[in-house]
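Engineer: A predicted structure for the sequence below; I have some questions about it.
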Amino acid sequence: MAKKGKVEIDRELCKGCLLCIRACPVKVLEQDTGANSFGVYPSTPVHAEKCIACGNCYTVCPDVCITVFELKEGRA
């Protein structure tokens, strides 16, 4: 059974490079339609239910603004 995960992105730290979007194998992330306080359109999890906690997004993030959690079975 595939792992389930949850990804959180700090909108204010994200500079909008979008590397995490390209790194996600299951297409959890997309560019947000709303800007942060710096006028940047950060990445945001739009298909959170697909997350497999692979950590690719965390690994490629140059600003360390992504946290990935592995969920236990039966939790959301």
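Structural biologist: Nice, thanks for sending it over.
Engineer: mind checking the SS state of Glu70?
Structural biologist: Under DSSP: H, G, I helix; E, B strand; the rest coil, the three-state class of Glu70 is strand.
Engineer: who touches it in this structure?
Structural biologist: Taking CB atoms under 8 Å, 6 or more residues apart in numbering, we find Glu70 in contact with Lys3, Lys4, Gly5, Ala53. In this view, the C-beta of every residue, glycine as well, is placed from N, C-alpha and C.
Engineer: what are the bridge partners for it, then?
Structural biologist: Glu70 has these beta-bridge partners by DSSP bridges: Gly5.
Engineer: how near is it to Thr33?
Structural biologist: According to CB to CB, to the nearest Å, Glu70 stands 28 Å off from Thr33.
Engineer: of the contacts of Glu70, the lowest pLDDT goes to which?
Structural biologist: Within the contacts of Glu70, pLDDT reaches its minimum at Lys3, with 87.
Engineer: Where do the strands of the protein begin and end?
Structural biologist: Ranges of strands in the chain, per DSSP state E, are 4-9, 29-31, 43-45, 66-71.
Engineer: list the helices and strands the first one packs on?
Structural biologist: Here strand 4-9 touches strand 43-45, strand 66-71, going by 3 or more CB pairs under 8 Å, 6 or more residues apart in numbering; DSSP states H and E.
Engineer: how does it look with 6 Å?
Structural biologist: Contact analysis of strand 4-9 by 3 or more CB pairs under 6 Å, 6 or more residues apart in numbering; DSSP states H and E lists strand 66-71 as its packing neighbours.
Engineer: Helices of this structure, start to end?
Structural biologist: For the chain, the helices defined by DSSP state H cover 19-23, 56-60.
Engineer: Convert the C-alpha atoms of the first one to CSV, please.
Structural biologist: Taking C-alpha atoms only, helix 19-23 is exported to CSV below (Å, rounded to 0.1, in the frame of the first residue of the first chain):
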residue,chain,number,x,y,z
LEU,A,19,10.7,23.7,-8.4
CYS,A,20,8.5,21.7,-6.1
ILE,A,21,5.7,21.6,-8.6
ARG,A,22,8.0,20.0,-11.2
ALA,A,23,9.4,17.6,-8.6
